[in-house]
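Chemist: have a look; sequence and predicted model below, questions after that.
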Amino acid sequence: MQHVLALDLKDDPALIAEYEAHHRAVWPEVQAHLRRHGVLEMKIYRLGTRMVMVMHTDDAVYDAARMQAASESDPVLAEWEALMWKFQAPTPWTPAGKKWIELAKVFDFRSPPV
C-alpha cells in the first residue's frame with residue numbers, strides 16, 4: 001500500500017540543512033524499525049518548509065498504531081524522534097499531538113496499457 005504524509009520544517013535554513021544531513025545518515029536502528037514494521041520503501045520530498053513522505057508498506061505487516069507505539073517504547077527510536085522534533089513543525093492542519101499527517105488523495109490517473 002502507498003501512504004502519502006505531510007509535515008513542516010521550522011523555517012530556519014541552518015536547521016533545514018541539519019535535518020537533511022541527518023537523513024543522509026539515518027541511524028541503522030531507525031532503518032531496522034521501519035523494515036520490522038513492514039515499510040518497504042520511504043521517500044521524503046521538500047518544497048521550502050513543507051515535506052511530503054511517500055511510503056510503500058507490506059499490508060500484512062504494517063500497522064501505523066503499532067509502529068508508533070514501538071517508536072515511543074524504544075529508547076533509541078524515542079531519541080531519534082526527539083531529535084527530529086528539533087527541526088519539525090506540524091502543518092496548520094495537523095491535529096494537536098500529531099506529527100506526520102496522511103494526505104487525502106484528490107486525483108489518480110492511470111494510463112491504460114498500450
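Modeler: That came through, no problem.
Chemist: name the element Val52 belongs to?
Modeler: strand 50-57 (DSSP states H and E).
Chemist: starting from that strand, tell me which strands it pairs with and how they run.
Modeler: strand 2-9 (antiparallel), strand 39-47 (antiparallel) (DSSP bridges).
Chemist: of all these, which lies closest to Leu77?
Modeler: strand 39-47 (13.1 Å; CB to CB). In short, each C-beta sits where N, CA and C put it, glycine included.
Chemist: pull the closest one out as CSV, backbone CA atoms only.
Modeler: The C-alpha trace of strand 39-47 is given here as CSV (Å, rounded to 0.1, in the frame of the first residue of the first chain):
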residue,chain,number,x,y,z
VAL,A,39,7.9,-0.3,5.4
LEU,A,40,9.2,-1.4,2.1
GLU,A,41,10.2,2.0,0.7
MET,A,42,10.1,5.5,2.1
LYS,A,43,11.0,8.8,0.4
ILE,A,44,10.7,12.3,1.7
TYR,A,45,10.5,15.3,-0.6
ARG,A,46,10.8,19.0,0.4
LEU,A,47,9.5,22.3,-1.0
